[in-house]
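Colleague: just coords:
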Ligand SMILES: [Zn+2]
């Protein structure tokens, strides 16, 4: 740590790379919330209906 | 370090999502209710030619909002908070990893300022750019037959917004030694050229039914963009505040005592 709060040091890319595995998981969560109609979740229209108002108000095409 | 940032992004994203859910509940739900009332009136009037494709035949409401729906309206209103919370969690996590890559390489030197700048850029790229081409619609607006095409176009314009933001950052970085005016105008150009090209080239969507109240459409759209604005403002402030607090704490033990220490 540099001792002073202001300037921050770059994180070396090799240390960052393993964490990028979280990205597909996070994008899957976003997909299930915003777009799934049963194709991935296999839950029919349940997720769509449950997240319905959120989809409309977050601005995603819903129906 | 990366782990800390990721956890911080997930938690502040979840929190900002719940705050945005509160805003959406107060200012958006009344318009959703009004739109559903119109939709159900239309569906009971001409059930078969109303074009509500993705519902089982025989259901009274076109989209299943009525009593027999898969999920009742009160549960959908609770589901709103689940949706905005999970959206915040996912977006916050991705944001934190991008932030970890940008940190110390581009943008403001302090974490707090970088968080605010990056949240503003993200709002512009993934919310404002898509919204100006494909604005949010309440229930009853939109043809269910075209949902796949509309979703695809939406994803395309979100990707265009993200790519344009990346081009702007890269342009500003390459022009780092140039005069600030040159630097900022070339970054703005790098952002606007692909965005305006996409606005012009991508097909428009015009599916507002005849007679749908313009005021309701307008108020719903304001509530929708407001929900996203509240989310990104809350997220940027919370994430930046958490970064600055952590930086101040890690700086304190080196000798100087933190002013707020309580011993
Ligand atoms: Zn809908």
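Modeller: Arrived safely, thanks for sending. Note that the coordinates shown come from a computational prediction; the quantities given were computed from them, not determined experimentally.

Colleague: Just the element for the residue lying closest to residue B:168 once chain neighbours are set aside, please.
Modeller: Leaving aside its sequence neighbours, residue B:168 sits nearest to residue B:191 (C-beta to C-beta, 6 or more residues apart in numbering or on different chains; 3.9 Å). No exception for glycine: its C-beta is placed from N, CA and C like everyone else's. Residue B:191 belongs to helix B:180-201 when assigned by DSSP states H and E.

Colleague: Can you list the helices and strands that that helix packs against?
Modeller: Other helices and strands packing on helix B:180-201, by 3 or more C-beta pairs under 8 Å, 6 or more residues apart in numbering or on different chains; DSSP states H and E, are helix B:129-133, helix B:147-174.

Colleague: Now do the buried residues in the helix or strand following it.
Modeller: Toward the C-terminus, helix B:180-201 is succeeded by helix B:214-251 as the next helix or strand (DSSP H and E). For helix B:214-251, a neighbour-count test (16 or more other C-beta atoms under 10 Å in any protein chain shown) marks B:216-217, B:219-221, B:223-228, B:230-240, B:242-244, B:247, B:251 as buried.

Colleague: List the buried residues of the strand or helix carrying residue B:25.
Modeller: Taking DSSP H and E as the criterion, residue B:25 maps to helix B:2-27. For helix B:2-27, burial by neighbour count (16+ other C-beta under 10 Å) applies to B:2, B:5-6, B:8-25, B:27.

Colleague: So which of those reach the ion?
Modeller: Among those, no residue is within reach of the ion (C-beta under 5 Å from the ion).

Colleague: Below-threshold pLDDT in chain B: ranges please.
Modeller: B:45-69, B:253-263 (pLDDT under 70).

Colleague: residue in it nearest to chain A?
Modeller: residue B:83 (2.4 Å; C-beta to the nearest C-beta).

Colleague: Tell me how far that residue lies from the ion.
Modeller: 12 Å (C-beta to the ion, to the nearest Å).

Colleague: That residue: what's it in contact with?
Modeller: A:33, A:50-51, A:53-55, A:58, B:21 (C-beta atoms under 8 Å, 6 or more residues apart in numbering or on different chains).

Colleague: which residue packs closest to residue 33, ignoring adjacent ones?
Modeller: Went with chain A since none was named. Nearest non-adjacent residue to residue A:33 (C-beta to C-beta, 6+ apart): residue B:86, at 4.8 Å.

Colleague: my bad, chain B
Modeller: residue B:73 (7.7 Å).

Colleague: number of nearby residues for the one you found?
Modeller: For residue B:73, the count of nearby residues is 17 (other C-beta atoms under 10 Å in any protein chain shown).

Colleague: now it: how far from residue A:51?
Modeller: The spacing between residue B:73 and residue A:51, counted by C-beta to C-beta, to the nearest Å, is 14 Å.

Colleague: Burial check on residue B:200, number of neighbours?
Modeller: Neighbours of residue B:200 using other C-beta under 10 Å come to 8.

Colleague: cool, residue B:90 as well?
Modeller: Neighbours of residue B:90 (other C-beta under 10 Å): 26.

Colleague: what about it, which helix or strand?
Modeller: helix B:73-102.

Colleague: Measure how far that helix is from the centre of its chain, please.
Modeller: 9 Å (C-alpha atoms, centre = their mean, to the nearest Å).

Colleague: do the same with stretch B:175-188
Modeller: The answer for stretch B:175-188 is 28 Å, by C-alpha atoms, centre = their mean.

Colleague: related to what we said a few turns ago, identify the residues contacting the residue nearest to residue A:33.
Modeller: Residue B:86 neighbours (C-beta under 8 Å, 6+ apart): A:29-30, A:32-33, B:17.

Colleague: Would you mind measuring from it to residue B:22?
Modeller: The value you get for residue B:86 to residue B:22, if C-beta to C-beta is used, is 15 Å.

Colleague: likewise residue B:220?
Modeller: 17 Å.

Colleague: rewinding a little: rebuild the contacts of residue B:83 as CSV, extending it with secondary structure.
Modeller: Formatted as CSV, the contacts of residue B:83 follow (DSSP: H, G, I helix; E, B strand; the rest coil):
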residue, secondary structure
A:33, helix
A:50, helix
A:51, coil
A:53, helix
A:54, helix
A:55, helix
A:58, helix
B:21, helix
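
Colleague: can I get the residues you listed in JSON lines with distance to residue B:40?
Modeller: Shown next, in JSON lines, are the contacts of residue B:83 (distance: C-beta to C-beta, whole Å):
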{"residue": "A:33", "distance to residue B:40": "25"}
{"residue": "A:50", "distance to residue B:40": "19"}
{"residue": "A:51", "distance to residue B:40": "20"}
{"residue": "A:53", "distance to residue B:40": "15"}
{"residue": "A:54", "distance to residue B:40": "20"}
{"residue": "A:55", "distance to residue B:40": "18"}
{"residue": "A:58", "distance to residue B:40": "23"}
{"residue": "B:21", "distance to residue B:40": "24"}
